[in-house]
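Colleague: my questions concern the predicted model and sequence given below.
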Amino acid sequence: MSSATLRRIFAHGGQVNTRHHAGLILILVLAAVARLFRFPSVPHGLNQDEVSAGYETMALLAAGTDRWGTRWPVYFTAFGSGQNVLLSYLNMPFVAVLGPTPLGLRLLPALLGVATVGLVYALTATVADRRAGLIAALLLALCPWHVMMSRWSLESNLLPPVMLFAVWVLVVAYRSPRRWLMPLSLAPMALTFYAYAAATLVVALFVAAFLATEWRTVRARPGAVAASVGVFGLLSLPYGLFLLVNHVTKQALPFVPLLPGSRVSEINTDGMIVENLRFFLYGFDDGMPWNVLSPYLPLGLVVIPLAAVGLLFAVRRRAWPIVIWAAAALPMVFLIQLNVNRFNVIFLPLIMLAAIGMDDLARSMRGARAGTAVITALLSVALIYNTVFVVDYIRGYNDTVRVDFSDGIGGALRVAARNAEPGEPVYVSEVVPLNYLYVLFHQRVDPRDFREQSEYYISEKTYFVRNVKQYYFHASDPALLAAPTYVAMFREDEKATCAGTDPDNRTLLATVGSFRVVRCLA
């Protein structure tokens, strides 16, 4: 997108509707290219959290339960400390049609990524103006954080688009003459609890503050507002029961599991504020390769400083939904140690505030041409930076995360299964996080067979899985030590050491992606 094009799109006057519609279409095309080029092979492989949520989808399709047998749960037991359910439920039609594949797991996040760009435009244009909406959409279209988030299937990454949709519905309902919208206005907000439980306080604060800013409407239409709160409470009730079961009664219900572990108990507050301050000062770079491609900042170069400026302008414009959203996320700084995933709820409002800041900075210039020049200069810096990121991401990201996304493990499992004799043990390296889930997913093991034909127990408030049929997951397992031969899968970053008296007595069967498949001999 050239500077001349930017000037035409973001200039005042002229055929505003036609120009803005054309600009939005062009931005959506850019967003789609950044998210769908070489999709879903970048990133190649699957992360353990993707496989976990993906297998829950498979279990729901196969038996109407999670992998541990809870029927249609409101929160997955998962590893023992739980996992959010909404993505797995929404992925059911995709996995049913496309199969348990990277495409089946990642198509929904990619489509939501593009849709989010359009919805950011709609919300910003509604509470500010259309030019600010276009700026917000363009900042988001190639934003490093959002491009990366849209290309893999982490269940907590569902929170930003769900929260955005919920806020937009609220704004539309309170500004629309259609009276039937009001009772349903809070319904999408209840879905955020199932998208990412860490947003509970953010949602509560946002809803309370939003209703306070709309007190005239609340006073004028108390029945409709009460109905919306009632619908919100009804849809939130299963999640509320989950909190009650796990933090008060300690008694499971048919669709509400009692978790062996708790994410709350895992939180370590020692030095948390200092670490969170460092996270802010580093531009939200948490150093995790599935969230950040070094050296690029998650939100690019201009969003953070412009968001600070935009906050002042947004208050002056009374763009309260965006201001409240950002403010409601801030208490998380004092409650949990932050990273990109845990704090993703604040990034969209920051981008929208940055757009408002850029728009109003331009308005403060003398003359329309000067204002357009300011926008063009700032957007050019952002676009150049973000475009270079996208190119580097597409070209080289797979080399960075081949181990983190267990590149080749599906093919390695097929090689191991093909070479293993009947009843011969197969060892899957224990350095692979949640290694048993890759077997369940790639071998398409029915959840009922998993529970009946595997050995597992709770250890230190997490599920310890010893084996799934002939697959074993711990190098010191007696079954491996006693076997005359077994097939083993080792990751490329570990030493291939077999059990027994001669750890180097092995033959290489194949190298697949980041894995070596060997036969260990007695």
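Modeller: Arrived safely, thanks for sending.

Colleague: centre of the chain to stretch 338-352, how far?
Modeller: For stretch 338-352, the separation from the chain centroid amounts to 11 Å (computed by C-alpha atoms, centre = their mean, to the nearest Å).

Colleague: for it, give the mean pLDDT please.
Modeller: On average, the pLDDT along stretch 338-352 is 96.

Colleague: and that stretch, end to end?
Modeller: This stretch, stretch 338-352, spans 21 Å end to end (C-alpha to C-alpha, to the nearest Å).

Colleague: same question, stretch 193-202
Modeller: Stretch 193-202 has an end-to-end distance of 10 Å (C-alpha to C-alpha).

Colleague: sort out which residues of that stretch are buried, please.
Modeller: Of the residues in stretch 193-202, 193-199, 202 count as buried by neighbour count, 16 or more other C-beta atoms under 10 Å. Backbone N, C-alpha and C define where each C-beta goes, glycine included.

Colleague: what about stretch 122-142, distance to the chain center?
Modeller: Between the centre of stretch 122-142 and the centre of its host chain there is 22 Å, according to C-alpha atoms, centre = their mean.

Colleague: what's the mean pLDDT across it?
Modeller: For stretch 122-142, the per-residue pLDDT averages 96.

Colleague: give the buried residues for that stretch.
Modeller: For stretch 122-142, burial by neighbour count (16+ other C-beta under 10 Å) applies to 122-142.

Colleague: and if you look at stretch 167-181?
Modeller: The neighbour-count check on stretch 167-181 (16+ other C-beta under 10 Å) flags 167-171, 173-174, 181 as buried.

Colleague: ok, stretch 510-518 next?
Modeller: The neighbour-count criterion (16+ other C-beta under 10 Å) identifies 510, 512-518 as the buried residues of stretch 510-518.

Colleague: can you check stretch 437-453 too?
Modeller: Going by neighbour count (16+ other C-beta under 10 Å), the buried part of stretch 437-453 is 437-442, 445, 447, 450.

Colleague: which ones among those residues are found in helices?
Modeller: 437-442, 447, 450 (DSSP state H).

Colleague: Lys495: which of the residues you listed is nearest?
Modeller: When these are compared for distance to Lys495 (C-beta to C-beta), Tyr438 wins out at 20.4 Å.

Colleague: and stretch 508-515, how far from the chain's centre?
Modeller: 30 Å.

Colleague: meant to ask about stretch 212-232
Modeller: Stretch 212-232 has its C-alpha centroid displaced from the chain centroid by 31 Å (C-alpha atoms, centre = their mean).

Colleague: same check on stretch 376-383?
Modeller: Taking mean C-alpha positions (C-alpha atoms, centre = their mean), stretch 376-383 and its chain are 27 Å apart.

Colleague: could you list the buried residues of it?
Modeller: Judged by neighbour count (16+ other C-beta under 10 Å), stretch 376-383 contains these buried residues: 376, 378-379, 382-383.

Colleague: again with stretch 385-402
Modeller: 385-386, 389-390, 393-394, 397-398, 400-402.

Colleague: tabulate the residues you listed in a markdown table, adding columns for distance to Val428 and pLDDT.
Modeller: Shown next, in a markdown table, are the buried residues of stretch 385-402 (distance: C-beta to C-beta, whole Å; pLDDT from 0 to 100):
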| residue | distance to Val428 | pLDDT |
| --- | --- | --- |
| Tyr385 | 41 | 97 |
| Asn386 | 39 | 97 |
| Phe389 | 34 | 98 |
| Val390 | 34 | 98 |
| Tyr393 | 29 | 97 |
| Ile394 | 30 | 97 |
| Tyr397 | 25 | 97 |
| Asn398 | 22 | 96 |
| Thr400 | 23 | 94 |
| Val401 | 20 | 95 |
| Arg402 | 17 | 94 |
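
Colleague: name the nearest of these relative to Trp152.
Modeller: Ranked by distance to Trp152 (C-beta to C-beta), the buried residues of stretch 385-402 are led by Val401 at 9.4 Å.

Colleague: who are the contact partners of that closest one?
Modeller: Residues touching Val401, when contacts are defined by C-beta atoms under 8 Å, 6 or more residues apart in numbering, comprise 43, 45, 289-290, 407.

Colleague: closest to Thr18 among the residues you listed?
Modeller: Distances from Thr18 to the contacts of Val401, taken as C-beta to C-beta, are shortest for Pro43 (38.8 Å).

Colleague: can you give me the distance of that closest one to Leu112?
Modeller: 17 Å (C-beta to C-beta, to the nearest Å).

Colleague: kindly report the same for Val517.
Modeller: Here Val517 is placed at a distance of 36 Å from Leu112 (C-beta to C-beta).

Colleague: tell me how many other residues crowd Leu105.
Modeller: Each residue near Leu105 was counted by other C-beta atoms under 10 Å, and the total is 26.

Colleague: wait, it sits on Ser88?
Modeller: No: checked against C-beta atoms under 8 Å, the pair Leu105 and Ser88 is beyond contact range at 9.6 Å.

Colleague: any chance of a markdown table for the contacts of Val401, columns distance to Glu430?
Modeller: Shown next, in a markdown table, are these (distance: C-beta to C-beta, whole Å):
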| residue | distance to Glu430 |
| --- | --- |
| Pro43 | 23 |
| Gly45 | 18 |
| Pro289 | 21 |
| Trp290 | 21 |
| Asp407 | 18 |
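
Colleague: of those, which is the nearest to Ser228?
Modeller: Minimum distance to Ser228 across these is 37.0 Å, recorded for Trp290 (C-beta to C-beta).

Colleague: and the closest one, what does it touch?
Modeller: Residues in contact with Trp290, defined by C-beta under 8 Å, 6+ apart, are 43, 47, 148, 152, 154, 401, 404-405.

Colleague: before we move on, what about Val172?
Modeller: Residues counted as contacts of Val172 (C-beta under 8 Å, 6+ apart) are 126, 181.

Colleague: just to be sure, it is in a strand?
Modeller: No: remark: Val172 does not belong to a strand; assigned using DSSP: H, G, I helix; E, B strand; the rest coil, it is helix.

Colleague: following element in sequence after the helix of greatest length in the chain, please.
Modeller: When the chain is scanned for its longest helix (criterion: DSSP H), the result is helix 368-401. On the C-terminal side of helix 368-401, the closest following helix or strand by DSSP states H and E is helix 409-419.

Colleague: which of the residues in that next one are buried?
Modeller: Using 16+ other C-beta under 10 Å as the test for burial, helix 409-419 gives 409-413, 415-416.

Colleague: from Arg448, how far out is the residue nearest the centre of the chain?
Modeller: For the chain, Asn157 is the residue whose C-alpha lies nearest the centre (C-alpha atoms, centre = their mean; 1.5 Å). According to C-beta to C-beta, Asn157 and Arg448 sit 30 Å apart.

Colleague: also Val117?
Modeller: 41 Å.

Colleague: kindly export stretch 368-376 (C-alpha atoms) in PDB.
Modeller: C-alpha atoms of stretch 368-376 as PDB (Å, rounded to 0.1, in the frame of the first residue of the first chain):
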ATOM      1  CA  ALA A 368      -6.300  18.900   6.100                       C
ATOM      2  CA  ARG A 369      -3.100  18.300   4.100                       C
ATOM      3  CA  ALA A 370      -0.900  18.500   7.200                       C
ATOM      4  CA  GLY A 371      -3.100  16.100   9.000                       C
ATOM      5  CA  THR A 372      -3.100  13.600   6.200                       C
ATOM      6  CA  ALA A 373       0.700  13.900   6.000                       C
ATOM      7  CA  VAL A 374       0.900  13.000   9.700                       C
ATOM      8  CA  ILE A 375      -1.200   9.900   9.300                       C
ATOM      9  CA  THR A 376       0.600   8.900   6.200                       C
END
